[in-house]
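model this:
(3 chains)
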Amino acid sequence: MAKQYWLMKCEPSAYTIDDLERDRQTCWEGVRNYQARNFMRDDMKVGDRVLFYASNADPSGVTGIAEISKEGYPDHFSWKKAHKYFDARSKKEKPLWYMVDIDFVERFNATVPLFLLKSIEGLEQMLVTKKGSRLSVQPVTKNEFEIVVRLGRTMTAQTT
DNA sequence: GCCAACGTTGGC
DNA sequence: GCCAACGTTGGC
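Sure thing, here's the model as predicted:
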């Protein structure tokens, strides 16, 4: 299958592209939305590229690039009692929630802010630019991905 | 911090 | 199966 492209949101208080650059790799636990889970469990493949998006940030926007390094597997945090991601409905024999692993690829010098994405021709259909789109794991097209990466590489610290 | 938009839950 | 109530997300 051809390489696919995604956008994954995370609040900076939880994890940032800087954290990923330091760690080189992380697991994407804690997604508790069925649509997002299905993307991770069923569709993401090793090598797929990911726009790393900082939500609830100042400014919110895409901060870098990651890559899927491990395909969907059970989110074992859902089995850990007392963990904030614990969910009694998820059983080891029948996991309810899934996660993937991602590798660090690139950190932009500055965030590509959401307000800029909204103004760019070619990104009108991109889910994250649409009002009320809360999905934390979203598919993006190759074209959208490439536009955002090109923008990201032109960002400098001064432009924000 | 506010609040609109959305997803989920649960009573009926 | 409907839909009101509730909790969460996330831009601003």
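
where does chain A have low pLDDT?
Chain A contains residues with pLDDT under 70 at A:158-160.

again, only using 50
For chain A, the stretches with pLDDT under 50 are A:159-160.

any idea how far the residue of it found nearest DNA strand C is from residue A:128?
The nearest approach of chain A to DNA strand C comes at residue A:60, 3.4 Å away (Cβ to the nearest atom of the strand). C-betas here are computed from N, CA, C, even on glycine. Plainly put, residue A:60 is 9 Å away from residue A:128 if you go by Cβ to Cβ, to the nearest Å.

pick out whichever of the two has more residues nearby.
Between residue A:60 and residue A:128, counted using other Cβ atoms under 10 Å, the more crowded position is residue A:128 (23 against 19).

before we move on, back to that, pull up the overlap in contacts between residue A:60 and residue A:128.
Residues touching both residue A:60 and residue A:128 (Cβ atoms under 8 Å, 6 or more residues apart in numbering): A:53, A:114.

can you tell me the closest non-neighbouring residue to the residue of chain A closest to DNA strand C?
Closest residue to residue A:60 apart from its sequence neighbours, by Cβ to Cβ, 6 or more residues apart in numbering: residue A:114 at 4.9 Å.

contact partners for residue A:36?
A:135-137.

need the contact list for residue A:96.
By Cβ under 8 Å, 6+ apart, the neighbours of residue A:96 are A:78, A:87, A:89-90.
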